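*Asks:* coords below, sequence missing:
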């Protein structure tokens, strides 16, 4: 029972970390998007990773597809997400200085 609870806590933390990394990526790319927990959960229920980004683009930001190739946007978002995820993980391991905590406040809440 206790191990199951710990596994669930770890899974929830991983989910939140990924969600915050996506939000940081959107900010880095100048996209005025924010995935709250319910949006992220809905997307994850349908699909994962790059496919979730593509689904969001097609359903919520379709106007961008008139100017940009969908795969270009997905690749840019996923690359920025990977950078942000790595930076946040590194900073958590190092005890996150104030500048990083200010840039990604939700990741350290």
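*Replies:* Received, thanks. Computed from a predicted model, the values in this text were never measured in an experiment. Numbering: from 1, shown residues only.
*Asks:* Past the host helix or strand of residue 23, which element shows up next along the chain?
*Replies:* Per DSSP states H and E, residue 23 falls inside helix 2-28. The C-terminal neighbour of helix 2-28 among helices and strands, as given by DSSP H and E, is helix 37-46.
*Asks:* quick one, the helix or strand that that following helix is followed by and helix 37-46 angle?
*Replies:* Counting by DSSP H and E, the next helix or strand C-terminal to helix 37-46 is helix 49-60. In terms of direction (axes from the mean of the first three to the mean of the last three C-alpha atoms, to 10 degrees), helix 49-60 departs from helix 37-46 by 110 degrees.
*Asks:* who does helix 49-60 touch, helix- and strand-wise?
*Replies:* helix 37-46, helix 70-94 (3 or more C-beta pairs under 8 Å, 6 or more residues apart in numbering; DSSP states H and E). Yep, even glycine has a C-beta here, placed from its N, CA and C like the rest.
*Asks:* which parts of that helix are buried?
*Replies:* The neighbour-count check on helix 49-60 (16 or more other C-beta atoms under 10 Å) flags 52, 53, 54, 56, 57 as buried.
*Asks:* How far does that helix sit from its chain's centre?
*Replies:* In terms of C-alpha atoms, centre = their mean, to the nearest Å, the gap separating the centre of helix 49-60 from the centre of its chain is 12 Å.
*Asks:* which residues of this structure score low on pLDDT?
*Replies:* For the chain, residues meeting the criterion pLDDT under 70 lie at 1-12, 96-109.
*Asks:* Pull up the gap between the nearest residue to residue 21 once chain neighbours are set aside and residue 41, please.
*Replies:* Of all residues not flanking residue 21 in the chain, residue 85 sits nearest, at 3.8 Å (C-beta to C-beta, 6 or more residues apart in numbering). Separation of residue 85 from residue 41 (C-beta to C-beta, to the nearest Å): 18 Å.
*Asks:* of those two, who's got more company?
*Replies:* Under the neighbour definition other C-beta atoms under 10 Å, residue 85 and residue 41 were set side by side, and residue 85 has more, 18 against 13.
*Asks:* roughly how far apart are that one and residue 63?
*Replies:* Where residue 63 is concerned, residue 85 sits at a distance of 27 Å (C-beta to C-beta).
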